[in-house]
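J.: I would like the atomic coordinates for the input below:
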Amino acid sequence: RNRPNVLITGTPGTGKSTLCATIAERTELEHINVGQVVRDEQCHEGRNEEFDTLTLDEDRLLDVLEEQLSEGGKLVDFHSCDLFPERWFDLVLVLRTDNTVLFDRLQSRGYRQNKITENVQCEIMEIVAQEAAESYANEIVHQVPSNSIEDMNANVARVEQWLEQWIANNST
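T.: Below you'll find the model as predicted:
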């Protein structure tokens with residue numbers, strides 16, 4: 001690959017899609033919203049009514065994403081990270097959000113109470129951060145705050161700076 005792949009992950013409501021859309025506007029990275037791929041490519045086994053979500057077909061999803069990511073230059077947005085092969089990513093950002101901010105964001109989306117509770121508990125217990133730490137090399141995983149517009153702008157700048165350095169280090 002002559003361009004890197006970046007994974008932006010975190011509990012639902014931490015701002016992944018907003019951050020990715022902004023980074024994609026300001027860089028040459030192509031935003032891949034994995035949730036949209038799951039829906040568009042039928043990478044699921046039906047609906048989980050209790051949590052109002054789709055049951056992921058991981059094998060199908062990985063098959064669909066493999067070719068796209070082999071090209072490089074992708075910005076992948078998903079709330080889980082341990083299913084993706086380590087070789088796919090050069091940088092993994094785990095977005096972290098204060099519980100009260102997260103609760104308000106999820107409530108404003110109209111999530112059911114059980115889904116809000118599960119996601120806030122996930123953030124408290126650092127589930128996604130632990131998955132990232134266990135799934136990828138320590139030097140490529142970074143936890144960053146995502147509570148405000150200022151945090152988002154700092155995260156965009158961080159990725160832009162990292163991308164510039166990656167290109168300088170990997171150009172032939």
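
J.: chain center to the helix or strand of the chain with the lowest mean pLDDT: distance?
T.: Scoring the helices and strands of the chain by mean pLDDT, DSSP states H and E places strand 53-56 at the bottom, with a mean of 80. Here the centre of strand 53-56 is set off from its chain's centre by 17 Å, with C-alpha atoms, centre = their mean, to the nearest Å.

J.: Buried residues, it. List them.
T.: L54, L56 (16 or more other C-beta atoms under 10 Å). Heads up, the C-betas are built off the backbone N, CA and C, glycines and all.

J.: got the buried residues for stretch 62-73?
T.: V64, L65, Q68, L69, G72, G73.

J.: Ok, stretch 154-172 next?
T.: Those buried within stretch 154-172 under the rule 16+ other C-beta under 10 Å are N155, V156, V159, W162, L163, W166.

J.: Which secondary structure state is assigned to Q165?
T.: The three-state label given to Q165 by DSSP: H, G, I helix; E, B strand; the rest coil is helix.

J.: related to what we said a few turns ago, as a markdown table, the buried residues of stretch 62-73 with pLDDT, distance to P145 and secondary structure would be great.
T.: Shown next, in a markdown table, are the buried residues of stretch 62-73 (pLDDT from 0 to 100; distance: C-beta to C-beta, whole Å; DSSP: H, G, I helix; E, B strand; the rest coil):
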| residue | pLDDT | distance to P145 | secondary structure |
| --- | --- | --- | --- |
| V64 | 95 | 32 | helix |
| L65 | 96 | 28 | helix |
| Q68 | 91 | 29 | helix |
| L69 | 96 | 27 | helix |
| G72 | 96 | 28 | coil |
| G73 | 97 | 26 | coil |
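
J.: Touching stretch 12-30 from outside, list them.
T.: 3, 6, 8-10, 31, 33, 73-75, 77-79, 95-97, 102, 105-106, 109, 119, 123, 146, 152, 155-156, 159-160, 163 (C-beta atoms under 8 Å, 6 or more residues apart in numbering).

J.: ugh, typo on my part, it should be stretch 53-61
T.: 34, 37-39, 41-48, 83, 115.

J.: ok, now with 7 Å
T.: V37, V38, C43, H44, E45, G46, R47, N48, L83 (C-beta atoms under 7 Å, 6 or more residues apart in numbering).

J.: count of neighbours near the nearest residue to the third one once chain neighbours are set aside?
T.: Put plainly, it is C43. Leaving out its chain neighbours, the residue that sits closest to C43 by C-beta to C-beta, 6 or more residues apart in numbering is L61, at 4.0 Å. Using other C-beta atoms under 10 Å, L61 has 20 other residues around it.
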